[in-house]
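Trainee: structure of the sequence below:
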Amino acid sequence: MDFWRVLTNEAPMFVWPVKFCVAMTVATYVLSIITGNVSQVDRVWTFLPTIYTVYYALLPLWPSVAPTFFFPYTPDALAASARETYSPRALLMASLVVIWMFRLSYNTWRRGLFSFKDEDYRWEILRQKISPFLFQVFNLTFIAIAQNIILFLLGLPAARAVAQPHTPLSTSDYILGTLGFLTILTEFVADNQQYSFQTCKHSGRLNPNDWPGARILWTKHDAERGFATRGLWAWSRHPNFLCEQTFWIIITLIPILSPDSPKLDFPPTSLASLTPFLPCLVLCSLFFSSTIFSESISKAKYPVAYAAYQERVAMFLPLLTPVWGALLSIQGRKKSVDALVYGTGSKGKGKAE
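Mentor: Numbering: from 1, shown residues only. The predicted model follows:
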C-alpha cells in the first residue's frame with residue numbers, strides 16, 4: 001500500500017506504533033461487538049499511552065528486525081542518534097508516564113473497570129438516547145477509532161524528544177518533570193477522595209483505611225446530596241480531569257520548551273504551527289465534551305443541587321471558584337447556594353430557597 005510505503009520511507013519511527021494502533025483499534029472494536037460491551041478501549045486506556053511513549057524512549061533497546069509480527073523494533077532507516085543513544089528527555093517523559101499508568105491502573109482496578117462485564121455507565125445512557133444503528137456508528141468511529149488515535153497521539157511528544165539532539169536535561173525539564181509528578185500526586189488525592197465518598201455513600205460507613213488526603217468525615221447529608229463537594233471537589237467540579245489534562249499538557253511541553261526545540265511561532269501564524277500541541281489539544285477537547293455529557297447526567301439526577309454546584313464551583317480551574325462565589329454574593333444568592341452545595345441539611349433533589 002502507498003500509505004505504508006510512504007510511512008516506511010518518510011517516517012520509519014512511526015511504522016510500528018501505527019501498526020500497533022491499527023491492531024488495537026480492530027481488536028477493541030471486534031471485542032465490543034462480540035461482548036456487547038463497548039468499554040474495551042477504556043480497559044486499555046491505562047496502558048496504551050505508556051506503550052507508545054516507552055517504545056520511543058527505548059528505541060536503542062529494540063531489535064532492528066521484529067522476531068514476531070507485533071514485537072517492537074527499530075528500523076535501520078532511523079537516524080543513528082535515535083537507534084544508538086537514549087534521549088534523557090524521552091526517558092524522563094517515559095518515567096512520568098509509567099507513574100501515571102500505575103496511578104490510573106490502580107484506580108481502574110479498585111473500581112472494577114478491568115472486568116469484562118463492566119461498562120462505562122455513560123454508554124448505556126447514550127444507547128437510550130439514539131438508535132441502535134447510530135450507536136454502532138458511534139462505537140466504530142469514536143469509541144474504537146477516534147479514541148485509539150488519541151491514545152496514539154499521546155505518545156508523539158516522546159517521539160519529538162527522540163528526534164531532538166540527545167543533550168542533558170535542562171532547567172525546563174526539571175521544572176516540568178517536578179510539576180508532572182506533583183500533578184499525578186494531586187490526581188491521586190482527587191481519585192482517593194472520590195472513591196472514599198462513593199464507598200461511604202453506598203455503604204453508609206467511613207473507611208478508616210482511606211489514603212492520606214482522603215480521610216474526610218463524610219456525613220449522612222453528604223451521601224444524600226449524591227456527589228462529593230468537599231476536599232478538592234469543593235474547589236473544582238472535576239479536579240481529577242483537571243489534573244489529567246494538565247499532566248498531558250506538561251508532557252507535550254517538555255520537548256517543546258527544551259533548548260533543542262525549533263523555535264515556534266508565537267502567537268501561532270497558522271494551524272500547522274499548532275501541530276506540536278496536537279496531543280494535548282485533542283485530549284483537552286475530548287475531556288471538555290465528555291465532561292459536558294457527564295454533567296448533563298448528574299444534573300438530571302440531582303437537578304437542584306447539581307445546578308447549584310455548577311453555579312458555585314468552577315468546572316476545572318479552582319481559581320475561578322472564588323470568583324463565582326463573589327458573583328453570587330453580589331446577587332445576594334451565595335448563602336442559599338452554599339447551603340445546597342456545602343450545607344449539611346439539603347438533599348440533592350431538594351428545592352433551593
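
Trainee: low pLDDT regions in the stretch 251-353 of the chain?
Mentor: 264-270, 344-353 (pLDDT under 70).

Trainee: hmm, try it at 80
Mentor: Applying pLDDT under 80 to the stretch 251-353 of the chain flags residues 261-273, 344-353.

Trainee: likewise for the stretch 1-150 of the chain?
Mentor: Residues of the stretch 1-150 of the chain meeting the criterion pLDDT under 80: 1-4.

Trainee: let's see it at 90
Mentor: In the predicted model of the stretch 1-150 of the chain, residues 1-11, 66-70, 111-118, 120-121 satisfy pLDDT under 90.

Trainee: now the helices for it?
Mentor: Assigned by DSSP state H, counting those that start in this stretch, the helices in the stretch 1-150 of the chain fall at 2-10, 15-35, 40-44, 48-57, 80-84, 88-110, 121-129, 132-138, 147-153.

Trainee: hmm, who's touching stretch 158-175?
Mentor: 13-14, 52-53, 56-57, 59, 79, 81-82, 85-90, 92-94, 97, 177, 251, 254-261, 276 (Cβ atoms under 8 Å, 6 or more residues apart in numbering). Where C-beta positions appear, they are placed from N, C-alpha and C, glycine not excepted.

Trainee: of the residues you listed, buried ones?
Mentor: Buried by 16 or more other Cβ atoms under 10 Å: 13-14, 52-53, 56-57, 59, 81-82, 86-90, 92-94, 97, 177, 251, 254-258, 261, 276, out of the contacts of stretch 158-175.

Trainee: centre-most residue in this protein?
Mentor: residue 244 (4.5 Å; Cα atoms, centre = their mean).

Trainee: three-state assignment of it?
Mentor: On the three-state scheme (DSSP: H, G, I helix; E, B strand; the rest coil), residue 244 is labelled helix.

Trainee: how deep is residue 161 tucked in, by neighbour count?
Mentor: 28 (other Cβ atoms under 10 Å).

Trainee: and if you look at residue 181?
Mentor: Residues near residue 181, counting by other Cβ under 10 Å, number 16.

Trainee: before we move on, what SS does it have?
Mentor: helix.

Trainee: how close does it sit to residue 92?
Mentor: Separation of residue 181 from residue 92 (Cβ to Cβ, to the nearest Å): 10 Å.

Trainee: circling back: export the helices of the stretch 1-150 of the chain to TSV and append columns for distance to residue 329.
Mentor: Below are those laid out as TSV (distance: least, Cβ to Cβ, whole Å):
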stretch	distance to residue 329
helix 2-10	58
helix 15-35	49
helix 40-44	41
helix 48-57	42
helix 80-84	57
helix 88-110	36
helix 121-129	35
helix 132-138	43
helix 147-153	40
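
Trainee: point out the most buried one among the ones you listed.
Mentor: helix 48-57 (a mean of 24; mean count of other Cβ atoms under 10 Å).

Trainee: what helices and strands are in contact with that helix?
Mentor: If you count contacts as 3 or more Cβ pairs under 8 Å, 6 or more residues apart in numbering; DSSP states H and E, helix 48-57 packs onto helix 15-35, helix 88-110, helix 147-153, helix 156-163.

Trainee: how about a cut-off of 6 Å?
Mentor: Counting contacts by 3 or more Cβ pairs under 6 Å, 6 or more residues apart in numbering; DSSP states H and E, helix 48-57 packs against helix 88-110, helix 156-163.

Trainee: tell me which of those sits nearest to residue 187.
Mentor: Nearest of the helices and strands packed on helix 48-57 to residue 187, taken as Cβ to Cβ: helix 88-110 at 6.6 Å.

Trainee: ok now the closest one, how far from the chain's centre?
Mentor: Mean C-alpha position of helix 88-110 versus that of the full chain (Cα atoms, centre = their mean, to the nearest Å) differs by 12 Å.
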